[in-house]
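1. coords please:
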Amino acid sequence: MRRRRLWVLVLGILASVAGTLVYAMWPGSSTFTVGKETTYVTGPLDKHGYVDYVTALNEQLSKGITPDNNANVLIWKALGPRPEGGTSMTPEYFQWLGIESPPEQGEYLVSWQNYLKEHPKIGDDKERVADSDQMLRAASWPWTANDESELADWLKRSEKPLAMVMEATWRPEYYNPLVPSRTEDWSPGLLAALLPSVQRSRELATALACRAMLRVSEAKFDEAWRDLLACHRLGRLVARGGTLIELLVGIAIDQVANKADLAFLDHAKLTSTQVLACLEDLRKLPPIPSVADKIDVGERFVLLDTMMLTARHGTPFLESLSGSNSRPPEGDQFTAKLFTRNINWDPAFRNANRWYDRCAGGLRITDRNARAQEMAAIIRDLKILKQQVTDTGVIEKSFMGSEGRGEMIGNILIGLMLPAFDRVQSAAERCEQRQRNLHLAFILAAFQHDHGHYPAKLDELAPKYLVKIHDDIFSGKPLIYRLEDKGYLLYSVGPNGTDDEGRGIDDEPRGDDLSVRMPVAKPRVQE
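-> The predicted structure follows:
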């Protein structure tokens with residue numbers, strides 16, 4: 001998953017670094033200082049004196065976590081040793097987890113797509129793809145086993161792995177080791193760490209939501225709600241992983257649960273007391289981790305690790321990430337030595353830490369307007385940094401000292417690898433607003449049960465049902481609410497700040513609003 005994102009990035013690194021080869025061929029050596037301001041961590045060091053960031057990061061991520069409290073251990077037992085059907089994880093990965101790799105044979109989750117392949121049906125491939133799309137719709141609308149017999153059969157065959165996942169979601173911790181396939185003398189770095197169980201967790205969540213919708217149609221409302229809460233907990237656990245990718249997957253999983261929650265609320269026959277009990281369950285869910293925490297630790301370590309390995313191996317390290325070479329040829333380090341001679345990497349490490357300190361600090365600003373202004377300033381300064389690197393000519397580079405060379409190469413890597421933190425922050429804010437909307441939907445349902453109608457205005461909900469109604473995160477103004485035929489429309493104007501009349505990304509024409517509409521509209525069938 002991470003690799004697909006990185007091949008294009010690494011090719012860009014290679015093109016940018018190529019110009020530095022002209023001025024890097026001076027007598028001398030590659031140097032760096034181990035310290036808080038430079039390497040950020042002071043150990044552990046490998047036998048050559050380089051910081052082992054893989055070990056350092058996993059030591060931080062795994063603090064206080066054991067096989068008995070780590071939800072990820074049970075997720076692997078539900079998925080098996082090859083979650084995506086490819087190569088298995090390295091032994092080091094499972095050493096960090098503190099377990100043996102799951103055996104090759106077991107009652108593991110078979111993906112929906114593989115199930116379709118293993119159970120042929122009269123028709124062409126397009127029909128099978130359409131059936132796969134139906135799974136997504138079934139996760140957000142009640143359905144019966146008679147209507148979707150294949151999906152019902154798949155869920156029945158998945159009972160054991162889904163039970164394992166349900167158990168996993170009650171565990172308090174989540175630790176997913178970030179470990180590339182490496183040897184004592186060579187590592188592709190944290191950039192190459194695989195995350196197969198993370199991607200498959202999305203299907204686990206969708207399966208739980210599908211089963212919940214099936215149980216709603218069967219009037220098994222308590223069981224359906226347990227599935228939906230497990231889906232929420234799974235998303236929040238995955239989001240606690242060390243990378244932004246895991247945070248985004250966790251947010252996506254929570255949105256799967258959010259959609260199913262609204263269908264549950266609309267179709268389950270609940271009393272006002274039961275609705276408020278469900279709301280209390282939602283309020284007790286742990287929070288989604290912050291974007292700042294991912295930038296501050298996991299993403300910082302990825303960049304510092306890339307710099308350290310480039311300092312050690314030179315161009316062969318970058319070429320290995322592009323897929324052109326798995327590692328430098330044994331005994332032939334001439335190219336690497338040429339690249340890394342007479343470069344002081346301290347300015348690169350210091351600048352990297354300054355950028356990540358600034359990003360994390362900006363993301364932690366509580367006032368949204370002030371935070372947005374700081375993020376815009378960081379993005380503007382990053383563009384300036386990239387332009388300065390581009391505008392520096394070969395002749396100017398050739399007269400740089402060792403520190404200047406290190407700073408130049410470091411700036412190239414910073415410009416290419418600093419993640420799109422503003423977009424991730426926007427995703428996190430959308431997640432928070434959807435959660436607020438969801439809570440309000442349950443409160444409105446309780447009001448409707450008690451009074452026989454929905455309130456004319458949201459103000460009527462206070463103080464009996466809630467003390468304060470939060471304003472729209474994006475506009476800073478009250479949420480838009482209006483009664484419609486048999487229900488209501490409630491929405492936030494979304495990240496663009498424009499009122500799109502409640503239209504969201506699934507509507508036509510498409511909008512940016514984050515809305516709740518009761519009754520819930522049945523998902524459209526894709527043509």
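2. quick one: pLDDT of Asp296?
-> Per-residue pLDDT puts Asp296 at 97.
3. mind listing what the closest residue to it other than its chain neighbours touches?
-> Excluding the flanking residues, the one nearest Asp296 by CB to CB, 6 or more residues apart in numbering is Ala360, at 4.1 Å. From N, CA and C alone the C-beta is placed, and that goes for glycine too. Contact partners of Ala360, counting by CB atoms under 8 Å, 6 or more residues apart in numbering, are Ala292, Asp293, Ile295, Asp296.
4. not counting its neighbours along the chain, what's nearest the first one?
-> Using CB to CB, 6+ apart and skipping residues adjacent in sequence, the residue nearest Ala292 is Leu363, 3.8 Å away.
5. can you tell me the helix or strand for the residue nearest to Asp296?
-> helix 346-363 (DSSP states H and E).
6. same check on Tyr108?
-> Secondary structure (DSSP H and E) places Tyr108 outside all helices and strands.
7. ok, now which ones touch it?
-> Residues in contact with Tyr108 (CB under 8 Å, 6+ apart) are Ala78, Leu79, Gly80, Pro102, Pro161.
8. doesn't Pro102 make contact with the last one?
-> Read that as Pro161. No: between Pro161 and Pro102 there is no contact under CB atoms under 8 Å: 11.0 Å.
9. show me the common contact partners of these two, please.
-> Residues within reach of Pro161 and of Pro102 at once, by CB under 8 Å, 6+ apart, are Leu79, Tyr108.
10. returning to that earlier point: closest to Trp355 among the contacts of Ala360?
-> Ile295 (9.6 Å; CB to CB).
11. for stretch 404-418, which positions count as buried?
-> Using 16 or more other CB atoms under 10 Å as the test for burial, stretch 404-418 gives 404-418.
12. please pick the buried ones from the contacts of Ala360.
-> For the contacts of Ala360, buried by 16+ other CB under 10 Å: Ala292, Asp293, Ile295, Asp296.
13. go through those and flag which are in helices.
-> Ala292, Asp293 (DSSP state H).
14. that older thread, any idea how far the residue nearest to Ala292 lies from Phe264?
-> 33 Å (CB to CB, to the nearest Å).
15. what does Asn353 give?
-> Distance of Asn353 to Phe264, given as CB to CB: 46 Å.
16. helix or strand for the nearest residue to Tyr174 once chain neighbours are set aside, which one?
-> Nearest residue to Tyr174, sequence neighbours excluded (CB to CB, 6+ apart): Leu237, at 4.0 Å. Using DSSP H and E, Leu237 sits in helix 221-238.
17. and that helix, how far from the chain's centre?
-> 18 Å (CA atoms, centre = their mean, to the nearest Å).
18. contacts only, for Glu148.
-> Taking CB under 8 Å, 6+ apart as the test, what Glu148 contacts is Gln134, Ala138.
19. where do the strands of the chain begin and end?
-> Along the chain, counting by DSSP state E, strands occupy 30-31, 343-344, 480-484, 487-492, 514-518.
20. low pLDDT regions in this protein?
-> 1-29, 122-132, 315, 318, 320-341, 393-399, 525-527 (pLDDT under 70).
21. got the domain ranges for it?
-> As recorded under automatic domain parsing, the domains making up the chain are 2-63+292-325+336-422, 67-181+199-290, 436-527.
22. about what we covered before: the residue nearest to Ala292: how many residues sit nearby?
-> 23 (other CB atoms under 10 Å).
23. roughly how far apart are it and Leu244?
-> 11 Å.
24. one more: Ser402?
-> For Ser402 relative to Leu244 (CB to CB), the value is 33 Å.
25. same question for Ser62.
-> For Ser62, the distance to Leu244 - CB to CB - is 19 Å.
26. how about Pro455?
-> 39 Å.
27. ok, back up a step: what's near enough to touch the residue nearest to Tyr174?
-> Applying CB under 8 Å, 6+ apart to Leu237 gives the contacts Ala71, Asn72, Ala168, Thr169, Arg171, Tyr174, Gly250.
28. tell me the one of those residues nearest Val110?
-> Once CB to CB is applied, the member of the contacts of Leu237 that ends up nearest Val110 is Ala168, at 18.1 Å.
29. what's the burial count for Trp96?
-> 21.
30. make sure it is actually in contact with Pro177.
-> Yes: in this structure Trp96 lies within contact range of Pro177 using CB under 8 Å: 3.7 Å.
31. now for these two: what residues contact both?
-> Common neighbours of Trp96 and Pro177 (CB under 8 Å, 6+ apart) are Asn58, Ser62.
32. burial count for Thr87?
-> 11.
33. next, give me the two most distant ones among the contacts of Leu237.
-> Most distant of these, by CB to CB, are Arg171 and Gly250, 15.0 Å apart.
34. picking that back up, Pro455 and Leu244: who's more crowded?
-> Leu244 (20 against 17).
35. contacting residues for the closest residue to the more buried one other than its chain neighbours?
-> Distance criterion CB to CB, 6+ apart; nearest residue to Leu244, sequence neighbours excluded, is Lys294 at 4.9 Å. Counting by CB under 8 Å, 6+ apart, Lys294 touches Gly242, Thr243, Leu244, Leu247, Val424.
36. would you turn the residues you listed into JSON lines with distance to Arg211?
-> As requested, the contacts of Lys294 are exported to JSON lines (distance: CB to CB, whole Å):
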{"residue": "Gly242", "distance to Arg211": "30"}
{"residue": "Thr243", "distance to Arg211": "29"}
{"residue": "Leu244", "distance to Arg211": "29"}
{"residue": "Leu247", "distance to Arg211": "25"}
{"residue": "Val424", "distance to Arg211": "30"}
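37. just those residues now: which is nearest Trp225?
-> Nearest member of these to Trp225, counting by CB to CB, is Leu247, at 25.7 Å.
38. surely that closest one touches Arg423?
-> No: counting by CB under 8 Å, Arg423 is not a contact partner of Leu247; they are 11.8 Å apart.
39. about what we covered before: closest to Leu191 out of the domains of the chain?
-> Closest among these, once you apply CB to CB, is domain 2-63+292-325+336-422, at 5.4 Å.
40. quick check, distance from that closest one to the centre of its chain.
-> For domain 2-63+292-325+336-422, the distance to the chain centre is 22 Å (CA atoms, centre = their mean).
41. what is the most widely separated pair among the contacts of Lys294?
-> Across the contacts of Lys294 (CB to CB), the longest gap, 14.0 Å, separates Gly242 and Val424.
42. what about the helices in the stretch 301-450 of the chain?
-> Using DSSP state H, counting those that start in this stretch, the helices of the stretch 301-450 of the chain run over 315-322, 334-340, 346-363, 368-391, 394-398, 402-417, 421-451.
43. will you turn these into a markdown table that also has distance to Ala145?
-> Below are the helices of the stretch 301-450 of the chain laid out as a markdown table (distance: least, CB to CB, whole Å):
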| stretch | distance to Ala145 |
| --- | --- |
| helix 315-322 | 48 |
| helix 334-340 | 61 |
| helix 346-363 | 46 |
| helix 368-391 | 46 |
| helix 394-398 | 68 |
| helix 402-417 | 49 |
| helix 421-451 | 27 |
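44. between these, which one is nearest to Val41?
-> Among the helices of the stretch 301-450 of the chain, helix 346-363 sits nearest to Val41 (CB to CB), with 10.9 Å.
45. what angle separates that closest one from helix 368-391?
-> 160 degrees (axes from the mean of the first three to the mean of the last three CA atoms, to 10 degrees).
46. for helix 346-363, list the C-alpha coordinates in CSV.
-> What follows is helix 346-363 as a C-alpha-only set of coordinates in CSV (Å, rounded to 0.1, in the frame of the first residue of the first chain):
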residue,chain,number,x,y,z
ASP,A,346,23.6,17.9,10.0
PRO,A,347,21.9,20.8,8.2
ALA,A,348,19.6,18.4,6.4
PHE,A,349,18.6,16.7,9.7
ARG,A,350,18.1,20.0,11.5
ASN,A,351,15.9,21.4,8.7
ALA,A,352,13.8,18.3,8.6
ASN,A,353,13.1,18.5,12.3
ARG,A,354,12.3,22.2,12.1
TRP,A,355,9.8,21.5,9.3
TYR,A,356,8.1,18.6,11.2
ASP,A,357,8.1,20.6,14.4
ARG,A,358,6.4,23.5,12.7
CYS,A,359,3.8,21.2,11.0
ALA,A,360,3.0,19.4,14.2
GLY,A,361,2.8,22.6,16.1
GLY,A,362,0.6,24.2,13.5
LEU,A,363,-1.8,21.3,13.4
